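Student: Got a predicted structure here, sequence first:
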Amino acid sequence: MPDAGARDAAYPIMLTDGTTTRTREVTPADLGPIQALHRRCSPGSRGLRYHAGKPELSPAGWRVLSDPQRGTTLVTTTAQCTDHIIAMTNVMRTEQQGVGELAVLVEDAWQFKGLGTALAAHAADVARRDGHHTLTAAVAAGNAPMLHVLESLDAPPARAAGPVLDIRIPL
Ligand SMILES: CC(C)(COP(=O)(O)OP(=O)(O)OC[C@H]1O[C@@H](n2cnc3c(N)ncnc32)[C@H](O)[C@@H]1OP(=O)(O)O)[C@@H](O)C(=O)NCCC(=O)NCCS
């Protein structure tokens, strides 16, 4: 298995349809392809990711997600087309030492092929590498796919506090 500690290595994931993908850390050159990913995603998918309607990342959002001091952002491409980003995964530092916040956005056309589940497992390894002992995720209560993804990380039952669940996963 590839080493999550190797920052420059591309992590391979094979999807259920046989497509091979590569996941690596974001670079400044990825901004355009990431904005294109956001534009190709449905408003529903973007809303579940950001809990707000936004067609693409704001400059301030990009500065946060691309700053290694603020956390780790991973981008996923197919093995064949390495400049076309089909998913973005974030493990961002929080105000709590050792607690990272996980978020995943998989392009609609690439959902339901096992990518979200595999990215979450890889993100947990990255979070451990980054020194976290806990992952959190803010998930809409009706977001069954993401709740299934987090169950695969052995997430304990979520605390229902309104429409968004605050899930904490010990690593
Ligand atoms: C949530 C998300 C990351 C899951 O990614 P994915 O690549 O579709 O995930 P997987 O293919 O690994 O599927 C995960 C689970 O959801 C289920 N699922 C996925 N898409 C589904 C769909 N359209 N309808 C019903 N179930 C679905 C799968 O069956 C799987 O459940 P299982 O493990 O019990 O079989 C993706 O749907 C997404 O990006 N959604 C929009 C953004 C979002 O919600 N982000 C999370 C905010 S923190």
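Tutor: Structure's in. What do you need? Residues are numbered from 1 along each chain as shown.
Student: biggest helix in the chain by residues?
Tutor: helix 115-129 (DSSP state H).
Student: Would you mind listing what in this structure touches the ligand?
Tutor: 45, 48-49, 103-106, 111-117, 137, 139, 143-146, 148-149 (Cβ under 6 Å from any ligand atom). C-beta here means a position set from N, CA and C on the backbone, and glycine is covered the same way.
Student: hmm, 5 Å instead?
Tutor: With Cβ under 5 Å from any ligand atom as the criterion, the chain comes near the ligand at residues 45, 48-49, 103-106, 111-112, 114-117, 137, 143, 145-146, 148-149.
Student: which one is the spatially most central residue of the chain nearest to, not counting chain neighbours?
Tutor: Nearest to the mean C-alpha position of the chain, by Cα atoms, centre = their mean, lies residue 89 at 2.1 Å. With sequence-adjacent residues excluded and distances taken as Cβ to Cβ, 6 or more residues apart in numbering, residue 89 is closest to residue 74, at 4.3 Å.
Student: hang on, residue 146 in a helix?
Tutor: Yes: assessed by DSSP: H, G, I helix; E, B strand; the rest coil, residue 146 belongs to a helix.
Student: Enumerate every residue touching the single nearest residue of the chain relative to the ligand.
Tutor: Nearest residue of the chain to the ligand: residue 116, at 2.2 Å (Cβ to the nearest ligand atom). Listed by Cβ atoms under 8 Å, 6 or more residues apart in numbering, the contact partners of residue 116 are 87, 104, 106, 145, 146, 149.
Student: Please repeat the previous calculation with a cut-off of 10 Å.
Tutor: Residue 116 is in contact with 87, 89, 104, 105, 106, 110, 145, 146, 148, 149, 150, 152, counting by Cβ atoms under 10 Å, 6 or more residues apart in numbering.
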